[in-house]
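Trainee: Any chance you could fold what I've pasted below:
(chains A, B and C)
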Amino acid sequence: MTIEARLQLDYPAFSLAVDLQLPGRGVSALFGPSGSGKTSCLRCLAGLEKAGNAYIEVNGEVWQDSSRKLFVAPHKRPIGYVFQEASLFEHLSVRGNLEFGWRRIPRNQRKVRLDQACELLGIGHLLDRQPLNLSGGERQRVGIARALLTSPQLLLLDEPLAALDSQRKSEILPYLERLHDELEIPLVYISHSQDEVARLADYLVLIEQGRVKASGLIGETLARLDLPLALGDDAGVIVEGRVCSFDPTYQLLGLKLPDSQLQVRVAHAQMAIGSRLRFKIQARDVSLSLSADSQSSILNRLPVRVTGQRLADNSAHVLVSLDADGTPMLARITRYSCDQLGVHPGQALWAQIKSVAVLA
Amino acid sequence: MKMRASRLATTGLCALLVALNLGTAWAGEVQVAVAANFTAPIQAIAKDFEQDTGHKLVSSFGATGQFYTQIKNGAPFEVFLAADDTTPAKLEAEGDTVKGSRFTYAIGTLALWSAKEGYVDAKGQVLKDNQYQHLAIANPKAAPYGLAATQVLDKLKLTEATKAKLVEGQNITQTFQFASTGNAELGFVALSQIYKDGKVTSGSAWIVPAELHDPIKQDAVILDKGKDNPAAKALVDYLKGPKATAIIKSYGYEL
Amino acid sequence: MPLSDPDLSAIWLTFKLASLTTLILLLVGTPIAWWLARTRSRLRGPIGAVVALPLVLPPTVIGFYLLLTLGPHGFIGQATQALGLGTVVFSFSGLVIGSVIYSMPFVVQPLQNAFAAIGNRPLEVAATLRASPWDSFFSVVLPQARPGFITASILGFAHTVGEFGVVLMIGGNIPDKTRVVSVQIYDHVEAMEYMQAHWLAGAMLVFSFLVLLALYSNRQGKPGWS
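Mentor: Below is the predicted model of the structure:
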């Protein structure tokens, strides 16, 4: 299953022209500043907005093809949509809200049960409350559960956390991660927060001023030197590793990089062998050396190959892109060190990783 | 300084008020309440009256019953030209008028009228033929022309036959509107509404013989408020004079 | 009994007229208000203005033009005659038509405000939850606009009860057909029957007060209505 959307939308002050190919599983994040056209893309996918010139195909079904004047009405598309503000129906209780969509799909298409959705989002105790009496985080969780209960083939989330303060955000993020881990349906997630994207996304589409700047798997895309993402202070890569060992004495978890024998070790509580763990390596936490110098406190050293380099946003630093047996990484070093090491593409180096931030 | 300025202003204001008041109380003005059916004749009379006497006539037009209520509640009218004779008599009995000033200034003539040419015959046979849908009359409880109309129907023994076809206007003006817009094919209206210079101006009419109903006497009276106003007396005298009577008759009233 | 039989029948007639008018106005006014609240058409301004006109025009003026248009020479009157219905002036149906026009803004405007206040979002949410547009209207818009419907009904009903000028112009004061309370009171006053007028006016006031009281207290008693 894939999601294919070619959209062209013209407003007096804004135009959108994108060609999206999103994977049929996991979380695809549409990432970009506000006003870049992310929400319009999502609304077109849902059919809430009708792009003048568009072709949308999801899972082999065509939802819009303007060349044939075909347009499937939003209520006929098997989607779930989570709005920025939960937008619960104020005239219904939480249960009424949850059952609204559930009642409207044929019995044999109901794959998600009310108690499952409640359990997944931790809202079982709220069923008889009125939306007005819920906190922002609770409302948003109800909104997500409500969308899930239509047993959608595609779940669209429009910055579901944007309207929440950071405490509420951290209250909801674990639930979203559960969605990511437990649902078999694809999610398209809009965000302008690097943090959320880092934690949730598998696939990243970078949108700016109505155009797709880049798209690809998140690890690769974040490591691309030609994108502004890599230039900021916060630049770094996301890696999803598999737990391969645990050292109870030092409380260290061994994580294998994808499709590789390379390992990193992080301080973390025990986890089952084989389970996935997502972590972030900031470019500024990676230093480079010519030899595998083990006389230091640094825990993780990986053999890498230089794939590219570029001046950072100040001329004192250089960003170096690296390949660690298939896993892209970034290192932010001073220009002075860069020249001392004679960094050049293809060069074999050792990356010393000062810290690894576990995301989930 | 301040004190003097404000005193000056007060004095000025008083002087202005006195001047304005003198203006309105200028010896030649009279406030008249006029029954709506007499609107056209009084306007014609007013012109001559103002020319001949130098007094000024300020008229308000309306329903007699309303005027009664307003007069009882302190309205500033000095002369009242009513559409009937009972209302002025009532005011007289209640002591709101100048004793002995009441007189009949016009006697209304009732007409059965249709906006359609040739619809009403010269004898009013159309009523008995009973082919119409609606017959408009003025509210008999409130309007003298309405009362007269019901008397005519009684005399002609048509009360029962017309009962389901009657539509009532609140006053004679509205009754005329019902008939003139064709919503009622027939209407008992005041001859003055359809009559000018000795003939019916439009549609077709039967001028109802006076013996079929009590006379529609329209009485005038000088009200309490006008007892010291020479212009009020002058107007009443003028209405009795030959020039005014001629005008009144030309509008289809008897005298 | 201070109220005579004609008074009572006028009261009953008024009640019937106001109820029927309110019902028709809710049926007719809802789509108009919906359209006015949501359209981006250039006709929105003109149509909104036409609906609001009865607010400005004196009732007797409306009545006079109804008399002309519904009458045998008016275009509506000609249409009804061509359909074999005759003319509706001087009939209860005529009063209903007049009242519907006269009270229209009092029903349309609260509904329009209620619809506008709901906005687009709940409808989009409903659509993503598989509700068709009609379904959304009945399951989301109607319940959320309930305060608007209550206000519209109260105003439409009350305004029709208090209507006088239009009825006076097109009614013809026919007992049991067009002689409503306001006209009956006016009749009493004109005939100087002040006592009857006071009783009837008093009864009308008490009745209206009780209706409004019942609706307003009911409205405040329930949470989530406003």
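Trainee: Need phi/psi at residue A:293.
Mentor: phi -70, psi 110 (degrees, to the nearest 10).
Trainee: same check, this time on residue A:245
Mentor: Dihedral angles for residue A:245 - degrees, to the nearest 10 - are phi -160, psi 170.
Trainee: Please tell me how far it sits from residue A:268.
Mentor: 12 Å (Cβ to Cβ, to the nearest Å). For the C-beta atoms, the positions are set from N, CA and C on the backbone; glycine is no exception.
Trainee: And the helix-or-strand element of chain A with minimal mean pLDDT, what does it pack against?
Mentor: The weakest-scoring helix or strand in chain A, judged by mean pLDDT, DSSP states H and E, is helix A:166-182 (a mean of 79). Packing contacts for helix A:166-182, counted by 3 or more Cβ pairs under 8 Å, 6 or more residues apart in numbering or on different chains; DSSP states H and E, involve helix A:114-121, helix A:136-148, helix A:194-200.
Trainee: what angle do it and helix A:136-148 make?
Mentor: Interaxial angle, helix A:166-182 versus helix A:136-148 (axes from the mean of the first three to the mean of the last three Cα atoms, to 10 degrees): 20 degrees.
Trainee: send the alpha carbons of helix A:166-182 over as PDB?
Mentor: What follows is helix A:166-182, C-alpha atoms only, in PDB (Å, rounded to 0.1, in the frame of the first residue of the first chain):
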ATOM      1  CA  SER A 166       4.600  21.200  27.000                       C
ATOM      2  CA  GLN A 167       3.300  19.200  30.000                       C
ATOM      3  CA  ARG A 168       0.200  18.100  28.000                       C
ATOM      4  CA  LYS A 169       2.400  17.300  25.100                       C
ATOM      5  CA  SER A 170       4.400  14.900  27.100                       C
ATOM      6  CA  GLU A 171       1.200  13.500  28.400                       C
ATOM      7  CA  ILE A 172       0.000  12.600  24.900                       C
ATOM      8  CA  LEU A 173       3.300  11.700  23.100                       C
ATOM      9  CA  PRO A 174       3.400   8.200  24.700                       C
ATOM     10  CA  TYR A 175      -0.100   7.500  23.400                       C
ATOM     11  CA  LEU A 176       0.900   8.600  19.900                       C
ATOM     12  CA  GLU A 177       4.000   6.400  20.100                       C
ATOM     13  CA  ARG A 178       1.700   3.500  21.000                       C
ATOM     14  CA  LEU A 179      -0.400   4.300  17.900                       C
ATOM     15  CA  HIS A 180       2.800   4.100  15.900                       C
ATOM     16  CA  ASP A 181       3.800   0.800  17.400                       C
ATOM     17  CA  GLU A 182       0.500  -1.000  17.600                       C
END
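Trainee: Tell me, how many residues neighbour the nearest residue to residue C:36 once chain neighbours are set aside?
Mentor: Spatial nearest neighbour of residue C:36, excluding adjacent residues (Cβ to Cβ, 6 or more residues apart in numbering or on different chains): residue C:112 at 5.0 Å. Residue C:112: 24 surrounding residues under other Cβ atoms under 10 Å in any protein chain shown.
Trainee: so what pLDDT did residue C:112 get?
Mentor: Confidence at residue C:112, expressed as pLDDT, is 96.
Trainee: which SS state does it fall under?
Mentor: With DSSP: H, G, I helix; E, B strand; the rest coil as the basis, residue C:112 sits in helix.
Trainee: what does residue A:259 give?
Mentor: Assignment for residue A:259 (three-state DSSP): coil.
Trainee: List, one by one, the residues from chain C near chain A.
Mentor: Within chain C, the positions near chain A by Cβ under 8 Å from any Cβ of the partner chain are C:121-122, C:124-133, C:135, C:139-140, C:143-144, C:146, C:223-224.
Trainee: now with 7 Å?
Mentor: C:121-122, C:124-125, C:127-132, C:140, C:143-144, C:224 (Cβ under 7 Å from any Cβ of the partner chain).
Trainee: I'd like the distance between residue B:186 and residue C:70.
Mentor: From residue B:186 to residue C:70 the distance is 18 Å (Cβ to Cβ).
Trainee: cool, and residue C:16?
Mentor: On the measure of Cβ to Cβ, residue C:16 and residue C:70 end up 20 Å apart.
Trainee: who's more crowded, those two?
Mentor: residue C:70 (26 against 14).
Trainee: related to what we said a few turns ago, ok, then the element right after the least confident helix or strand of chain A?
Mentor: Sequence-wise, the next helix or strand downstream of helix A:166-182 (DSSP states H and E) is strand A:187-191.
Trainee: partner residues bridging residue A:6?
Mentor: Here residue A:6 sits in beta bridges with residue A:19, residue A:55, going by DSSP bridges.
Trainee: Pull the residues that contact the one helix or strand residue B:105 maps to.
Mentor: Element membership for residue B:105 (DSSP H and E) is strand B:103-108. Residues from elsewhere that reach strand B:103-108 (Cβ atoms under 7 Å, 6 or more residues apart in numbering or on different chains): B:37-38, B:81, B:85, B:144-145, B:190, B:215-220, B:239-240, B:248, B:253-255.
Trainee: Same check on stretch B:62-72?
Mentor: Contacts for stretch B:62-72 (Cβ under 7 Å, 6+ apart): B:33, B:35-36, B:77, B:80, B:82-84, B:87, B:91, B:96, B:142, B:171, B:223, C:189-190, C:192.
Trainee: end-to-end on stretch B:153-172?
Mentor: End-to-end distance of stretch B:153-172 (Cα to Cα, to the nearest Å): 17 Å.
Trainee: Mind checking the pLDDT average for that stretch?
Mentor: Per-residue scores along stretch B:153-172 average to 91.
Trainee: Tell me which residues of it come out buried.
Mentor: For stretch B:153-172, a neighbour-count test (16 or more other Cβ atoms under 10 Å in any protein chain shown) marks B:153, B:158, B:162, B:165, B:166, B:167, B:168, B:169, B:170, B:171, B:172 as buried.
Trainee: Out of the residues you listed, which sit inside helices?
Mentor: Members of the buried residues of stretch B:153-172 lying in helices (criterion: DSSP state H): B:153, B:162, B:172.
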